[in-house]
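Q: Give me a 3D structure for the following:
(chains A and B)
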Amino acid sequence: MSNPQQLRYSKEHEWLSGAEDGVSTVGITEHAANALGDVVFVQLPEVGDSVTAGETCGELESTKSVSDLYSPVSGEITEVNEDVVNDPSLVNSAPFEGGWLFKVRVTDEPADLLSADEYTAFAGA
Amino acid sequence: MSSTELRRTALDATHRALGATMTDFAGWDMPLRYGSEREEHVAVRTRAGLFDLSHMGEITVTGPQAAELLNFALVGNIGTVKPGRARYTMICREDGGILDDLIVYRLEEAEYMVVANASNAQVVLDALTERAAGFDAEVRDDRDAYALLAVQGPESPGILASLTDADLDGLKYYAGLPGTVAGVPALIARTGYTGEDGFELFVKPEHAVGLWQALTGAGEAAGLIPCGLSCRDTLRLEAGMPLYGNELSTALTPFDAGLGRVVKFEKEGDFVGRAALTEAAERAASRPPRVLVGLVAEGRRVPRSGYRVVAGGEVIGEVTSGAPSPTLGKPIAMAYVDPAHAAPGTEGVGVDIRGSHEPYEVVALPFYKRQK
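A: Numbers count the residues shown, from 1 in each chain, chains lettered A, B, ... in the order given. Predicted coordinates for the structure are as follows:
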């Protein structure tokens, strides 16, 4: 699997797009989606919520387990992906595209986000 | 991670070549899934799935008093099982606690094969060996003597029939006969853990890869795919089948688990646990224990083992197994609940899912029953 070069990555296996008008898109990586197995339920933050880098902001539930969803950055939620709420399997089938999770107006970004190559090495994938 | 090395089945290289996600299961490195566990589940319900179950523990009991030994060691009436047939039973402690649930195949008049769960195989072997004292019977550890492949699903009779001359039509559910499959000797059993028609094939480990390939080839047109332990768990949950460690444990007697019918007090002679189980039966009759029920979610959050079942602000039970059901399209669970809340349709029952009380419908088990 390949991790798109234009994205940045957290060690909690989220990806973060470049900011358009200060707003970045967040999802989980294909590596994480594969590790979870079939995702059957997602609980996302609500529009207007404040999220903090490295803290939980939702849940991803798969057949066998439930995992916390972390925000890779701090900021305010501007949009959540209702398509993925209605069809959580998008996280598995298109983690970098239709399976994106939320958009956030970034106020603070940790310095330790990884490049695609660094994340690929980190995840061993 | 455990520091001890995981055991690998004869099919290990096959699983890796297929890209399986592997998992530690009772000390074995087993395939969890090959692709999507949901697709594997659906394949077994609608077409066919192929499983490697070589981690299961086979124990052979032979000798003139094999039947008497098993009648003493287990709670079932094993002496009445006819050669070629199989029976679901349990092995209990002296205090009535369940050590394991088992399938016992009577292969010959004086030869039985006991199949134990992987996690309990040593415990069962030790107990049978100890309980064999004084009987003219031999207990043999045959865990390394067999690989076990299962073909499950509505297409499985046709797939298997193309590889064997054995009389599959004459092979009833819960029966087993020796035969030849794809040119290798096999014990062919019409058993499984999926709620579907299907077969379990006990073969020598050196024949496992060839048989796997033959079954894969024979099943291709019918849509057979390899299946892992993840879908095996959702299949058995939909079928309402208990899993040791979830629904069954040493803390429960068969009567507490709602499976008192497997205890045969009427059989000849004493058996381990008789006195305690007699008390447990009386206790269950006068003061009904918690009842194993099915729960179906109204929402989409999935209950897990250990989550509390609640009603009216009180804890009324505990989830033993839970998963999203591919067949029902909703999360389902098995749970032990107080008898007052056990009737199907009981109002106001919920599961505490990490602090939020999610509504659940109480239903009778199983969730799924195949059309015959």
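
Q: for chain B, what are the nearby residues on chain A?
A: Applying the criterion CB under 8 Å from any CB of the partner chain, the portion of chain A that neighbours chain B consists of A:34, A:37, A:38, A:40, A:41, A:43, A:61, A:63, A:64, A:66, A:89, A:92. Bear in mind the C-beta positions are built from the backbone N, C-alpha and C, glycine included.

Q: With secondary structure as new columns, can the residues you listed be given to me in TSV?
A: Written out in TSV, the entries for those read as follows (DSSP: H, G, I helix; E, B strand; the rest coil):
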residue	secondary structure
A:34	helix
A:37	coil
A:38	coil
A:40	strand
A:41	strand
A:43	strand
A:61	strand
A:63	coil
A:64	coil
A:66	strand
A:89	coil
A:92	helix
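
Q: Which secondary structure element is home to the residue most central in space within chain A?
A: Central residue check for chain A by CA atoms, centre = their mean: the C-alpha nearest the mean position is that of residue A:27, 2.4 Å away. Counting by DSSP states H and E, the element that carries residue A:27 is strand A:23-28.

Q: correct me, but residue A:90 touches residue A:96?
A: No: under the contact definition of CB atoms under 8 Å, residue A:90 does not touch residue A:96, with a separation of 10.9 Å.

Q: Could you check which of the two is surrounded by more residues?
A: The residue with more neighbours, out of residue A:90 and residue A:96 and counting by other CB atoms under 10 Å in any protein chain shown, is residue A:90; that gives 22 against 19.

Q: buried ones in stretch B:215-229?
A: Taking 16 or more other CB atoms under 10 Å in any protein chain shown as the basis for neighbour counts, the residues of stretch B:215-229 that come out buried are B:215, B:216, B:218, B:219, B:222, B:224, B:225, B:226, B:227, B:228, B:229.

Q: So for it, first residue to last residue, what's the gap.
A: The distance separating the two terminal residues of stretch B:215-229, taken as CA to CA, to the nearest Å, comes to 18 Å.

Q: And stretch B:102-118, by the same measure?
A: Stretch B:102-118 has its terminal residues 11 Å apart, counting by CA to CA.

Q: List the buried residues of stretch A:112-120.
A: Of the residues in stretch A:112-120, those scored as buried under the neighbour-count criterion (16+ other CB under 10 Å) are A:113, A:114, A:116, A:119, A:120.

Q: Go through these and name the one nearest residue B:251.
A: residue A:119 (45.0 Å; CB to CB).

Q: hmm, back to that, just the buried residues of stretch A:112-120: which are in helices?
A: When DSSP state H defines the helices, the subset of these inside them is A:116, A:119, A:120.

Q: which phi and psi does the residue nearest to the second one when sequence neighbours are not counted have?
A: It refers to residue A:119. The shortest distance from residue A:119 to any residue that is not its chain neighbour, by CB to CB, 6 or more residues apart in numbering or on different chains, is 3.6 Å, and that residue is residue A:9. When quoted as degrees, to the nearest 10, the phi and psi of residue A:9 stand at phi -140, psi 150.

Q: Then residue B:262?
A: When quoted as degrees, to the nearest 10, the phi and psi of residue B:262 stand at phi -80, psi -10.

Q: how much space is there between it and residue A:119?
A: 53 Å (CB to CB, to the nearest Å).

Q: chain center to stretch B:212-225: distance?
A: Distance of stretch B:212-225 from the chain centroid (CA atoms, centre = their mean, to the nearest Å) equals 24 Å.

Q: in the stretch 1-150 of chain B, what spans have low per-residue confidence?
A: Residues of the stretch 1-150 of chain B that meet the criterion pLDDT under 70 lie in B:1-3.

Q: Residues in a beta bridge with residue A:43, which ones?
A: Following DSSP bridges, residue A:43 is listed with bridge partners residue A:59.

Q: related to what we said a few turns ago, closest one of the ones in helices among the buried residues of stretch A:112-120 to chain B?
A: In terms of CB to the nearest CB, no member of these lies closer to chain B than residue A:120, at 18.5 Å.

Q: does that closest one really touch residue A:4, like I thought?
A: No: using CB under 8 Å, residue A:120 and residue A:4 do not qualify as a contacting pair, with a distance of 10.8 Å.
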